[in-house]
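Asks: output the structure for:
(4 chains)
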Protein chains: 4
Amino acid sequence: MEAFSDAVFAIAITLPIVEVRMPEIKQGDPVLAQEFLRLWPSFVGYGLSFLVIGLYWVHHHFNGMIFRRVTHGFLLSTLLFLMAIGFVAFPTHLFAQYVHDPVNRHAATAIYVGSLTIVSLTWLVKWLHGVASRAIDDRLRRSYVRRMTIQYVATSAAYVIAFLVTLVSWAAGLTIAFAITLYYLRPPPAPEYL
Amino acid sequence: MEAFSDAVFAIAITLPIVEVRMPEIKQGDPVLAQEFLRLWPSFVGYGLSFLVIGLYWVHHHFNGMIFRRVTHGFLLSTLLFLMAIGFVAFPTHLFAQYVHDPVNRHAATAIYVGSLTIVSLTWLVKWLHGVASRAIDDRLRRSYVRRMTIQYVATSAAYVIAFLVTLVSWAAGLTIAFAITLYYLRPPPAPEYL
Amino acid sequence: MEAFSDAVFAIAITLPIVEVRMPEIKQGDPVLAQEFLRLWPSFVGYGLSFLVIGLYWVHHHFNGMIFRRVTHGFLLSTLLFLMAIGFVAFPTHLFAQYVHDPVNRHAATAIYVGSLTIVSLTWLVKWLHGVASRAIDDRLRRSYVRRMTIQYVATSAAYVIAFLVTLVSWAAGLTIAFAITLYYLRPPPAPEYL
Amino acid sequence: MEAFSDAVFAIAITLPIVEVRMPEIKQGDPVLAQEFLRLWPSFVGYGLSFLVIGLYWVHHHFNGMIFRRVTHGFLLSTLLFLMAIGFVAFPTHLFAQYVHDPVNRHAATAIYVGSLTIVSLTWLVKWLHGVASRAIDDRLRRSYVRRMTIQYVATSAAYVIAFLVTLVSWAAGLTIAFAITLYYLRPPPAPEYL
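Replies: Purely as a prediction, here's the structure:
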């Protein structure tokens, strides 16, 4: 289980670099440095999806300490979550590529934030399923479990709001999405046991 | 062993997203949203192979509890099965791309269902080899082992039928193949010990 | 260590399928089945590198039981071996693509068999280093260690011969290379302890 | 944790081979051998990034014995380091491709050495964070920890110097960078405990 999801995370996080391709340079044309620097949207996209997927990995790893039983439903909801994780590099790449194009950045931002919204929803499904099927460690304090549930519901709600806001103002929606990511740079709250 | 097959599963399941490429958009042409939505067959293909390969992973993981000895023959039959798993994303992609093309969807469906048939046959070979070489846990009830054997033989037979049906009616063959996949969403029967 | 080399094996074995690309089909042109079948050299290449890399993986896994100490030199020689493993899919693909082209199949076979020769030499380096640095289990019978050394030296010598023969007759050299692969389908000899 | 970083290392190290593509050869044109040999810059790039990333993997693996606690900050600094590792194959490829082009090799070398500098800085951040947050084994001798810190600071400083030198003389800067890599072929100093 762990080896499988770790490998999916690793592929999702590392693969975007393969997408980055230098345009052909004519022999003797001294433009390598400029062409390299013009790829910056791809590098931003790589860094961005590394950050977002990496933070999910940190929290997935942390959650591994909370889940005690591996039920069939938990495997299926993990698959759903990993499917969303494996997908996220694609819209991140689009976002990085079109955010400086005035006519397409509205759509690029909406697609990007929309994809992050879907990832957060699959995470929420996995968590709620784990709680409902009593797959989580039963020595955890109920208040702790409730607090985590509230946090994950709030995160998904914030993403849905961010997505809806992008439909009106791409910059405002994007700001909300970045604020959520920054929030998750904090360490997750330590589990509290009975 | 586990780390290797988990990594093969993870690559097979995640890689198809790399195949998805946006057509070039001319600077200033506001078509990003439409172009993104026109990629839906690729997204369906990604979801579909994630589902099918993911369910095999769940059952492979589950079978890991049943096999107790790692024989040379078991390693070879696992390699054969993983070879089929690593291949399946390719015909799935073809299927998703051509299912809405009236003149090619017949062939696309036959190739897709045919590949799923091959995967199920390699799975059956692995299982039968495990039973024959007594690599499975010898504390399992014989009735349980027999029931699993019947289930896997029946699955392969159903896939062969589905493939033959696609040669006549692609829609009917496809329906059988989807029904098999849906059946495998159920949890595998818990092992019964002596 | 194991997780790293298993992942390298898994990537080397699965990745070639990404290389396989269907030519564009014009909407309404009923050629999907033919185009799919014309890709057979790619499929043969995929199967072939899966087989060769897979058999190395089986023997690497088996050798994991024999090596007891992980020395720095062992890590370096493992890296060298994995570098060769990661490379082998490329010449295999070339071989599968050009073996039916009368003017290029000579070169394609020489490149393919030459690469397999390099892989077997890096394997031999890893083994000899392990024996010389006493990284292998010291409870193994000397006669067993000597027998394995002879087998690996003989394999490398056979590959060197196969490569030299391809320079004269591609078919004869290829036959020797295939015979070596078939030989390695047998289970490795069980370790003998003092 | 280990499975995740091992998989990122494995992908970063193996993936560049996928980038290598043969130009199309016309049926009947006996140029396969020449075309294959003309790909040598790609093969050098593959070998080079395998060596550099592989040596980091060896030292990362070795450091795994030194770190005892996995803190949130350690996970984040590991992510930063892996982001740099996942990136390094790209400039290595550029370097190998343009080092024989007189007008672009200056830029190619600067980009390559600059990227290696960034990797060494993220490694240093990871180490310093581990020491500062007392994540390393507290039974280690202070003198040993100090010596390792000095070595890593010196390595990063040497890379920064190498990068600055490439801006003046690409050959001199490159020589320093290679010297650092060769230095890391030595086994890391054995940990000393109280």
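Asks: can the helix or strand of chain A with the lowest mean pLDDT be found next to chain B?
Replies: One helix or strand of chain A scores below all others by mean pLDDT, DSSP states H and E: helix A:16-19, with a mean of 80. Yes: using Cβ under 8 Å from any Cβ of the partner chain, helix A:16-19 reaches chain B at A:V18, A:E19. Any C-beta I mention is one placed from the backbone N, CA and C, and that applies to glycine too.
Asks: show me what the helix or strand just after that helix is packed up against.
Replies: Sequence order places helix A:32-38 as the next helix or strand after helix A:16-19, per DSSP states H and E. If contacts are counted by 3 or more Cβ pairs under 8 Å, 6 or more residues apart in numbering or on different chains; DSSP states H and E, helix A:32-38 sits against helix D:89-98, helix D:105-132.
Asks: can you point out the buried residues in helix A:32-38?
Replies: A:L32, A:E35, A:F36 (16 or more other Cβ atoms under 10 Å in any protein chain shown).
Asks: list the contacts of the last one.
Replies: When contacts are counted by Cβ atoms under 8 Å, 6 or more residues apart in numbering or on different chains, A:F36 is found next to A:M22, D:L94, D:A107, D:I111.
Asks: can you do 10 Å?
Replies: Shown in contact with A:F36 (Cβ atoms under 10 Å, 6 or more residues apart in numbering or on different chains): A:M22, A:F43, D:F90, D:P91, D:L94, D:A107, D:A108, D:A110, D:I111, D:G114.
Asks: burial check on A:T155, number of neighbours?
Replies: 18 (other Cβ atoms under 10 Å in any protein chain shown).
Asks: separation between it and B:T122?
Replies: With the distance defined as Cβ to Cβ, to the nearest Å, A:T155 ends up 41 Å from B:T122.
Asks: chain A against chain C: which residues are in contact?
Replies: Neighbours of chain C within chain A, by Cβ under 10 Å from any Cβ of the partner chain: A:A3, A:D6, A:A7, A:A10, A:I11, A:V18.
Asks: buried subset of those residues as a ChimeraX selection?
Replies: The buried residues among the residues of chain A next to chain C can be selected in ChimeraX (16+ other Cβ under 10 Å) with this line:
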select /A:3,6,7,10,11,18
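Asks: low-confidence ranges, chain A, go.
Replies: A:1 (pLDDT under 70).
Asks: how far does stretch A:123-140 sit from the chain's center?
Replies: Relative to its chain's centre, stretch A:123-140 lies at 20 Å (Cα atoms, centre = their mean, to the nearest Å).
Asks: measure that stretch end to end?
Replies: 20 Å (Cα to Cα, to the nearest Å).
Asks: spatially nearest residue to the residue of chain A most remote from its centre (excluding sequence neighbours)?
Replies: Relative to the centre of chain A, the most outlying C-alpha is that of A:G28, 41.9 Å out, by Cα atoms, centre = their mean. Among residues not flanking A:G28 along the chain, D:V103 sits closest, at 5.4 Å (Cβ to Cβ, 6 or more residues apart in numbering or on different chains).
Asks: and the one you found, which of the three is it?
Replies: Following DSSP: H, G, I helix; E, B strand; the rest coil, the label given to D:V103 is coil.
Asks: do you know how far it is from A:V31?
Replies: Distance of D:V103 to A:V31, given as Cβ to Cβ: 9 Å.
Asks: can you check A:F43 too?
Replies: For A:F43 relative to A:V31 (Cβ to Cβ), the value is 18 Å.
Asks: of the two, who's got more company?
Replies: A:F43 (17 against 14).
Asks: re earlier: can you report phi and psi for the residue farthest from the centre of chain A?
Replies: Backbone geometry at A:G28, expressed as degrees, to the nearest 10, gives phi 90, psi 0.
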